[in-house]
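In: got a structure for you, letters missing:
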């Protein structure tokens with residue numbers, strides 16, 4: 001059984017570190033991603049998702065060079081979700097179809113059952129869960145954003161020289 005997910009260092013600093021656990025002052029501070037070209041291996045539909053999301057994350061200063069793989073997997077999950085949503089449409093339940101010797105569908109027997117959940121709904125549900133798990137790490141939901149604090153790179157722990165209040169009111 002896994003415990004709670006670790007709290008980001010920025011969040012510990014903002015909330016005053018109520019658990020009094022040691023703060024990692026050697027935490028990696030990766031470089032922001034400047035080349036927003038999607039990875040070449042991404043399928044076209046996932047590339048389209050990348051082109052929608054990557055610029056937004058970059059503007060929010062939430063996308064670094066080490067995040068490319070996670071974002072790529074999230075884009076694939078969203079692309080799969082969209083495909084499943086389009087394909088399933090409003091058909092939540094399907095009826096098993098039986099065919100006669102000539103290959104023509106037989107009328108379903110009223111008491112035969114044969115109804116089953118549209119398999120595309122399962123794909124849709126699974127891809128949604130995968131996407132949400134990944135994108136919450138990027139703060140892409142209202143609740144996830146409450147747990148993210150942004151500090152400029154190079155001043156992750158506030159150890160840099162004080163800029164005074166003027167920098168906040170200009």
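Out: Noted; the coordinates are in hand. Only a predicted model underlies this, so the values are computations on that prediction, with no experimental measurement involved.
In: okay, and the most centrally placed residue in the chain sits in which element?
Out: For the chain, the residue nearest the mean C-alpha position is residue 135 (2.1 Å; Cα atoms, centre = their mean). Using DSSP states H and E, residue 135 sits in helix 119-135.
In: before we move on, the earlier item: wait, what's in contact with the nearest residue to the residue nearest to the centre of the chain once chain neighbours are set aside?
Out: The shortest distance from residue 135 to any non-neighbouring residue, by Cβ to Cβ, 6 or more residues apart in numbering, is to residue 74 (5.3 Å). The C-beta positions use only the backbone N, C-alpha and C, and glycine is treated the same way. Residues in contact with residue 74 (Cβ atoms under 8 Å, 6 or more residues apart in numbering) are 49, 53, 130-131, 134-135, 138.
In: residue 74 belongs to a helix?
Out: Yes - residue state for residue 74 (DSSP: H, G, I helix; E, B strand; the rest coil) corresponds to a helix.
In: do you know the pLDDT at it?
Out: On the pLDDT scale, residue 74 is placed at 95.
In: measure it to residue 20 for me?
Out: Separation of residue 74 from residue 20 (Cβ to Cβ, to the nearest Å) stands at 34 Å.
In: can you get me the start-to-end distance on stretch 22-34?
Out: One end of stretch 22-34 to the other measures 32 Å (Cα to Cα, to the nearest Å).
In: in it, what's buried?
Out: By 16 or more other Cβ atoms under 10 Å, the buried positions in stretch 22-34 come out as residue 33.
In: quick one: mean pLDDT over it.
Out: Mean per-residue pLDDT for stretch 22-34: 78.
In: can you check stretch 123-133 too?
Out: For stretch 123-133, mean pLDDT rounds to 94.
In: buried ones in it?
Out: Within stretch 123-133, the residues scored as buried using 16+ other Cβ under 10 Å are 123-124, 127-128, 130-132.
In: redo the contacts of residue 74 as a markdown table? Include distance to residue 38.
Out: Output for the contacts of residue 74, formatted as a markdown table (distance: Cβ to Cβ, whole Å):
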| residue | distance to residue 38 |
| --- | --- |
| 49 | 9 |
| 53 | 10 |
| 130 | 18 |
| 131 | 16 |
| 134 | 15 |
| 135 | 16 |
| 138 | 16 |
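In: having no further points to raise, I will conclude here.
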